[in-house]
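In: The sequence and its predicted three-dimensional model are supplied below.
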Amino acid sequence: MDVRICSKVACANSASSTLTYDYADSMVVVGPLSTRVEPHGYDLCARHAAALRVPRGWQVVRREPLPRDAD
């Protein structure tokens, strides 16, 4: 699997989250790194995902990874 890096300019850290926009609902969704590169998603490192700021009036939805079943 290829390593994906943060979409922020000049950041070379590994991506850990994927950000998507829902313009109709003024919403930003930040969740676990998507399984494939999405054309309308932005991969972010942990630092940039945590420091995310959105326009006034928009909401941020943060999705945590689903827990894995114990083997």
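Out: All right, it came through fine.

In: What ranges does this structure have for its helices?
Out: 46-50 (DSSP state H).

In: so where's it uncertain?
Out: 1, 66-71 (pLDDT under 70).

In: run the last query once more with 80
Out: 1-2, 65-71 (pLDDT under 80).

In: which residue packs closest to the residue nearest the centre of it, ignoring adjacent ones?
Out: Central residue of the chain (Cα atoms, centre = their mean): residue 18, 2.4 Å from the mean position. For residue 18, ignoring the flanking residues on the chain, the nearest one in space by Cβ to Cβ, 6 or more residues apart in numbering is residue 34 at 4.3 Å. All C-beta spots, glycine's among them, are computed from the backbone N, C-alpha and C.

In: Now for the one you found: which residues touch it?
Out: 18, 41, 43 (Cβ atoms under 8 Å, 6 or more residues apart in numbering).

In: any idea how far the first one is from residue 43?
Out: Residue 18 sits 6 Å away from residue 43, going by Cβ to Cβ, to the nearest Å.

In: Can you pull the residues that touch both of these two?
Out: Common neighbours of residue 18 and residue 43, using Cβ under 8 Å, 6+ apart, are 33, 34.

In: Strands of this protein, residue ranges please.
Out: 17-22, 27-32, 41-44, 59-62 (DSSP state E).

In: any chance of those in a markdown table, plus distance to residue 10?
Out: Output for the strands of the chain, formatted as a markdown table (distance: least, Cβ to Cβ, whole Å):
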| stretch | distance to residue 10 |
| --- | --- |
| strand 17-22 | 17 |
| strand 27-32 | 20 |
| strand 41-44 | 14 |
| strand 59-62 | 23 |
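
In: which of the ones you listed is buried the deepest?
Out: Mean neighbour count (mean count of other Cβ atoms under 10 Å) peaks for strand 41-44 among these, with a mean of 20.

In: quick one on the thing from earlier: pick out whichever of the contacts of residue 34 sits closest to residue 2.
Out: residue 43 (11.4 Å; Cβ to Cβ).
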